[in-house]
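Chemist: show me the folded form of this:
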Amino acid sequence: MFGDKESITHIADTSITTPDGKHLYLGQLIARHSFLLPYSVEDKGLVLGVTGESTMYMPLPKGEGLSALQSSGLLPAELPKTKLSFIDYLFGYALELFILIMLGYTFFKKQFAK
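Modeler: Residues are numbered from 1 along each chain as shown. As a prediction, the model looks like this:
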């Protein structure tokens, strides 16, 4: 794995549709940065994900556009706060964990070999 990969975690369904009829849902955008294994994870906030598409999304409108969606009941009046889960951190920093495990293995192997 090399480079950046974004994924969307489903938070809530909405009644919003795209002009071509695809349904949108409220989701959290998570970015992982990798070099062989992921070494960093980032919460990029709320987006509108496209149902059935794991990487397609639209940015959440700001200002009046967001207020209009909330007042019409298409989005919750109070948007949820996003945060990364333990699993997101665990897989997001897999490279560092792998290095720590290998260093620990090497250290204990040398200690018990004596």
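Chemist: going forward, measure contacts between C-alpha atoms and count neighbours the same way
Modeler: OK.
Chemist: find the centremost residue of the chain, please.
Modeler: By CA atoms, centre = their mean, the chain has its centre lying nearest to I30, at 2.0 Å.
Chemist: which strand or helix spans that one?
Modeler: strand 23-35 (DSSP states H and E).
Chemist: ok, residues contacting that strand?
Modeler: 1-18, 38-51, 75, 82, 92, 95 (CA atoms under 8 Å, 6 or more residues apart in numbering).
Chemist: ok, now stretch 43-51?
Modeler: 8, 10, 22-31, 55-60, 82-84.
Chemist: show me what L46 bridges to in the sheet.
Modeler: Q28 (DSSP bridges).
Chemist: per-residue confidence at it?
Modeler: pLDDT recorded at L46 is 97.
Chemist: tell me the buried residues in the helix with the most length in the chain?
Modeler: If you go by DSSP state H, the chain has its longest helix at helix 94-113. Judged by neighbour count using 16 or more other CA atoms under 10 Å, the buried positions of helix 94-113 are A94, L95, L97.
Chemist: so can I have TSV of those showing pLDDT?
Modeler: Formatted as TSV, the buried residues of helix 94-113 follow (pLDDT from 0 to 100):
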residue	pLDDT
A94	95
L95	95
L97	94
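Chemist: can you list the low-confidence ranges for this protein?
Modeler: The chain contains residues with pLDDT under 70 at 114.
Chemist: can you point me to the longest strand in it?
Modeler: strand 2-17 (DSSP state E).
Chemist: and that one, how far out from the chain middle?
Modeler: Strand 2-17 has its C-alpha centroid displaced from the chain centroid by 7 Å (CA atoms, centre = their mean, to the nearest Å).
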